[in-house]
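> Output the structure for:
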Amino acid sequence: MAIETPTAASPPAKPVALQQRAEKIDDVTRALPHALGPEKSLLSSMLQDPQEYIGVAIEEKLTAEHFYVPAHSALFGFLIELFESGQEVELVSLVQRLLDRGLLDRVGGPAAITDLYTYAPSPGHFRHHLQLVKDKYVLRSIIQHSNEAIAEAYDAPDEVASLLDTVEQRILAIREGAETNKAPTLRQTVEEVMDQFQALLSGERGAQGLSTGFEELDRMSNGMKPGDMFVVAARPSMGKTSLMMNIVEHVCMDLGKPSMVFSCEMSSVQLVQRLVFARSRFALSQLSRGYSPGRQDLIRIRRAASEIMETRLFIDDTAGISINELRAKARRKKRDEDIQFIAIDYLQLMKSRTRQAENSREREIAEISAGIKGLAKELGIPILILAQLNRGPESRTGKSLGVPRMSDLRESGAIEQDADMVGLLYRTAYYAESEEEKESEAGKAELVLAKNRNGETGHVPLTFIDDLMRFESGAPARDLEE
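Got it, this is the predicted structure:
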């Protein structure tokens with residue numbers, strides 16, 4: 001387990017050095033980086049042995065964008081199309097198909113194809129040449145994004161934080177190859193859907209999203225899926241953070257998935273304390289009542305602490321973190337540690353530093369909510385975020401007293417719009433007026449799944465163990481017995 005601490009930014013380069021470098025580059029007009037020979041080598045190998053080398057190119061995620069010469073790019077795209085449709089790739093019929101489709105001139109005509117076919121590269125150099133072509137594409141991408149960043153820096157000098165976030169996202173996309181994989185073909189998408197369906201028919205656990213550890217919630221939601229934004233909202237003192245940490249514990253420790261927690265309210269020490277004593281099932285409050293832990297208690301506490309130290313859980317407790325800073329940290333942690341789950345406590349304590357958000361709290365919350373949903377899709381992982389409700393539940397009467405509704409989400413309807421799932425947490429004992437009623441309602445909790453984009457909605461009964469700050473599946477045992 002790791003605790004994230006803020007790091008100092010690197011000092012900026014000296015303006016004089018930058019100016020001298022820019023003047024030096026301007027003195028010479030350069031072509032963009034490219035590798036003409038390796039591009040011809042790749043296409044020649046694919047024309048001579050399509051089954052072998054087109055397959056390798058697909059495995060290595062080579063795309064038409066990697067080719068610098070437009071004719072090479074067009075020809076590669078057509079070869080992939082033929083290969084994926086199961087058609088034979090052979091020189092004479094290839095020329096005829098290109099002619100029929102009106103693409104022959106785009107690839108340079110019959111002479112260009114014949115030249116590529118007879119280029120005769122060494123087959124053993126295919127992967128090496130492929131990497132050279134990819135490297136040149138990376139260099140062109142860096143130049144392109146750098147030029148865009150320079151232009152945007154001149155055009156929007158006031159939106160520094162937002163621009164920095166955008167630039168970092170683009171550069172990380174180059175490193176991870178995300179830009180070449182963002183638009184799968186329809187065939188690939190349909191095949192993925194059918195694979196998931198087959199896995200569900202077979203009862204494979206991996207076909208579902210990440211389990212929360214709460215059986216009824218998992219049944220209704222089919223787990224937290226990649227790209228999902230799951231909002232858990234409640235009034236203060238309902239146990240939002242406890243529920244979040246129970247889910248984090250299950251994902252990180254029971255499922256073994258690398259996870260990250262952003263805590264805007266509690267320190268990392270407080271969160272880890274909750275984890276240790278909730279997992280060891282030792283009520284820390286007992287110490288204040290004079291209880292001395294026995295040998296078995298100490299064994300459980302030490303075992304829980306040891307288990308937590310072995311997990312890949314990363315905690316960042318930066319107070320008032322901005323959405324741009326959170327996104328930057330999450331991207332780096334995804335790149336370095338391949339995190340599979342993020343939890344955030346809580347939305348209304350975050351900041352957005354754009355000019356539009358300065359004068360409108362509703363606009364600020366909307367930007368934060370959209371930023372979190374965009375991050376979930378970008379990283380391809382589920383994000384659980386806590387949110388505060390307004391005083392609506394307290395204003396209700398009768399049996400509706402304390403029961404939250406989605407309209408109670410504070411400050412912005414954008415949260416409801418962006419979320420894939422919205423769970424509203426409440427405990428009836430909190431609103432009990434008499435001691436007798438408090439006793440009878442003790443431990444009862446419900447998570448109202450008010451929105452579920454891909455499944456059913458309804459009530460998820462839970463048991464809250466106050467001393468352990470822990471939620472468990474199902475209603476309290478006494479209610480089940482009755």
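
> following the helix or strand hosting Glu446, which helix or strand shows up next?
With secondary structure defined by DSSP states H and E, Glu446 is part of strand 444-452. Note on strand 444-452: by DSSP H and E, the next helix or strand toward the C-terminus is strand 458-465.

> For Phe282, see how far away Asp467 is.
Counting by C-beta to C-beta, to the nearest Å, the separation of Asp467 from Phe282 is 9 Å. Every C-beta, even on glycine, is put in place using the N, C-alpha and C of the backbone.

> which one of the two has more residues nearby?
Phe282 (21 against 13; other C-beta atoms under 10 Å).

> Next, the more buried one: secondary structure please.
Three-state assignment for Phe282 (DSSP: H, G, I helix; E, B strand; the rest coil): coil.

> Surely it and Arg303 touch.
No. Phe282 is beyond contact range of Arg303, at 11.0 Å (criterion: C-beta atoms under 8 Å).

> quick one on the thing from earlier: for the strand holding Glu446, packing partners?
helix 215-221, strand 421-426, strand 458-465 (3 or more C-beta pairs under 8 Å, 6 or more residues apart in numbering; DSSP states H and E).

> Go again with 6 Å.
In terms of contacts (3 or more C-beta pairs under 6 Å, 6 or more residues apart in numbering; DSSP states H and E), strand 444-452 is packed against strand 421-426, strand 458-465.

> Residues contacting the first one, please?
It stands for strand 421-426. 230-234, 238, 402, 404, 406, 447-452 (C-beta atoms under 6 Å, 6 or more residues apart in numbering).

> any idea which helix or strand comes after that strand?
Downstream of strand 421-426, the first helix or strand assigned by DSSP H and E is helix 435-441.

> for that following helix, what is the average pLDDT?
For helix 435-441, mean pLDDT is 75.

> Can you point out the buried residues in stretch 289-300?
Residues of stretch 289-300 classed as buried by neighbour count (16 or more other C-beta atoms under 10 Å): Asp297, Arg300.

> Show the end-to-end separation of it, please.
Using C-alpha to C-alpha, to the nearest Å, the end-to-end distance of stretch 289-300 comes to 20 Å.

> How far does that stretch sit from its chain's centre?
Put simply, stretch 289-300 sits 40 Å off its chain's centre (C-alpha atoms, centre = their mean, to the nearest Å).

> which one of the helices and strands packed on strand 444-452 is the most hemmed in?
strand 421-426 (a mean of 25; mean count of other C-beta atoms under 10 Å).

> tell me the average confidence for it?
When pLDDT is averaged over strand 421-426, the result is 91.

> ok, it: who's next to it in the sheet?
Applying DSSP bridges, strand 421-426 is found paired with strand 229-234 (parallel), strand 444-452 (antiparallel).

> Highest mean neighbour count out of these?
It is strand 229-234: most buried of the strands paired with strand 421-426 by mean count of other C-beta under 10 Å, with a mean of 27.

> Residues touching it, excluding its own?
By C-beta under 6 Å, 6+ apart, strand 229-234 touches 224, 240, 372-373, 376, 383-387, 389, 409, 415, 418-425.

> Which SSE is immediately downstream of it?
Counting by DSSP H and E, the next helix or strand C-terminal to strand 229-234 is helix 240-249.

> start to end distance for stretch 253-272?
The first and final residues of stretch 253-272 sit 13 Å from each other (C-alpha to C-alpha).

> for stretch 422-434, same thing?
Note: stretch 422-434 ends 31 Å apart using C-alpha to C-alpha.
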